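*Asks:* Model the following, please.
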Amino acid sequence: MKKSEVSKLREKTTPELAKELSATREKMAELRVSVYRGKHSDVPALREAKRKIARILTFLKQNQHGGK
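*Replies:* Residues are numbered from 1 along each chain as shown. Predicted structure coming up:
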């Protein structure tokens, strides 16, 4: 994930982050199924989706506690 994408995530509001989180989780589930069935070998995309979810959860927690 590029720095510009991270800064865009940081600027989003809590509802927007929640929406982005659910979309990323759906994408990750689809990727996981396709990798396990052997349709794709895009394991790095799966790893990137996990990291994006972690970042979104971090920003949600920061927004909840009134952080940056």
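
*Asks:* And the helices in this protein, which stretches?
*Replies:* Under the criterion DSSP state H, the chain contains helices at 3-11, 14-37, 43-64.

*Asks:* Mean pLDDT and mean neighbour count added to those, as TSV?
*Replies:* Every residue, glycine included, has its C-beta placed from N, CA and C. Listed next are those as TSV, based on pLDDT from 0 to 100; neighbours: other CB atoms under 10 Å:
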stretch	mean pLDDT	mean neighbour count
helix 3-11	88	11
helix 14-37	93	14
helix 43-64	93	14
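
*Asks:* gap between the most far-flung residue of the chain relative to its centre and residue 9?
*Replies:* Residue farthest from the centre of the chain, counting by CA atoms, centre = their mean, is residue 38 at 23.0 Å. When distance is defined by CB to CB, to the nearest Å, residue 38 is 32 Å away from residue 9.

*Asks:* what residues does stretch 19-27 touch?
*Replies:* By CB atoms under 8 Å, 6 or more residues apart in numbering, the residues outside stretch 19-27 that reach it are 9, 12, 49, 52, 53, 56, 57, 60.

*Asks:* Can you tell me which of those residues comes closest to residue 29?
*Replies:* residue 49 (9.3 Å; CB to CB).

*Asks:* what sits against the closest one?
*Replies:* Contacts of residue 49 (CB under 8 Å, 6+ apart): 24, 27, 28, 31.

*Asks:* if I pick the third one, what's in contact with it?
*Replies:* In other words, residue 28. 46, 49, 50, 53.

*Asks:* residue contacts, the last one?
*Replies:* Taking CB under 8 Å, 6+ apart as the criterion, residue 53 is in contact with 21, 24, 25, 28.

*Asks:* okay, those in a markdown table with distance to residue 3 next?
*Replies:* Compiled in a markdown table, the contacts of residue 53 are given as follows (distance: CB to CB, whole Å):
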| residue | distance to residue 3 |
| --- | --- |
| 21 | 20 |
| 24 | 18 |
| 25 | 23 |
| 28 | 22 |
